[in-house]
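Student: okay, predicted coordinates and the sequence, questions at the end:
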Amino acid sequence: MRGAPWSSGQWGLQVTDLKSGKVVQSKNATSKFVTGSTAKTFAVGAALDTLGSSHRFRTPLVRSGSVSHDGRLSGNLIMVGSGDLTLGGRTDALGKVDIPDFDHTDANAVPGMATLTREDPLAGINDLARQVAASGIRHIDGDVVIDDRLWAPVTIGGTPVTPTVVNDNLIDLLIT
């Protein structure tokens with residue numbers, strides 16, 4: 001917080017031990033701020049406390065119908081949205097989500113500063129396709145359905161937030 005470019009900002013925080021209730025760290029904790037994007041730290045903290053740090057979201061694929069001996073699914077293939085907001089598209093070789101300081105979601109807000117990650121944004125979708133093939137399904141006589149009923153979509157600043165997200169629901173164009 002003391003170094004550039006953050007030293008000119010206003011900071012307010014309070015870290016409390018959940019078990020004892022003891023305040024571990026506090027700085028301007030009673031000051032009023034427009035929190036902006038930092039408000040999501042509360043949701044992340046609650047998720048970590050509830051799910052644990054080793055929890056990994058998985059996107060299950062299910063089918064309605066039967067699969068014949070030659071791999072023909074007579075029914076639908078259904079991808080069930082379950083909270084994996086990256087679908088593995090930003091996962092690096094170490095299993096961490098790769099998000100640079102100014103990524104492609106900032107391209108309009110910070111022109112010229114946004115960078116694309118090296119990872120394939122469709123890696124999660126490709127992995128799901130490999131799982132379908134490995135299960136023996138070769139042809140689908142039905143639809144590929146995305147079940148995104150985990151939560152009702154909301155709109156934040158004109159941008160819809162849905163339970164199923166591929167590449168942050170963006171299409172990246174790089175023009176040189």
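Tutor: Structure received. Numbers count the residues shown, from 1 in each chain.

Student: all helices for the chain, in order.
Tutor: 40-51, 123-134 (DSSP state H).

Student: closest one to residue 74 among those?
Tutor: Among those, helix 123-134 comes nearest to residue 74, with 14.9 Å by C-beta to C-beta. Heads up, the C-betas are built off the backbone N, CA and C, glycines and all.

Student: which residues touch that closest one?
Tutor: 59, 61, 77, 79, 84, 86, 87, 88, 89, 91, 120, 166 (C-beta atoms under 8 Å, 6 or more residues apart in numbering).

Student: repeat that for 7 Å
Tutor: With contacts defined as C-beta atoms under 7 Å, 6 or more residues apart in numbering, helix 123-134 is touched by 59, 61, 77, 79, 86, 87, 88, 89, 91, 166.

Student: between the helices of the chain, which one is nearest to residue 175?
Tutor: Per C-beta to C-beta, nearest to residue 175 of the helices of the chain: helix 123-134, 23.5 Å.

Student: pull out the buried positions in the closest one.
Tutor: The neighbour-count check on helix 123-134 (16 or more other C-beta atoms under 10 Å) flags 123, 124, 125, 127, 128, 132 as buried.

Student: ok, residue 112 to residue 102 distance?
Tutor: 9 Å (C-beta to C-beta, to the nearest Å).

Student: need the contact list for residue 47.
Tutor: Residue 47 touches nothing, counting by C-beta under 7 Å, 6+ apart.

Student: distance of it from residue 31?
Tutor: Applying C-beta to C-beta to residue 47 and residue 31 gives a distance of 26 Å.

Student: now do residue 85
Tutor: From residue 85 to residue 31 the distance is 31 Å (C-beta to C-beta).

Student: settle it for me: which of these two has more neighbours?
Tutor: residue 85 (17 against 9; other C-beta atoms under 10 Å).

Student: which one is that one nearest to, not counting chain neighbours?
Tutor: residue 165 (4.8 Å; C-beta to C-beta, 6 or more residues apart in numbering).

Student: can you get me a residue count around that neighbour?
Tutor: Neighbour tally, residue 165, other C-beta under 10 Å: 18.
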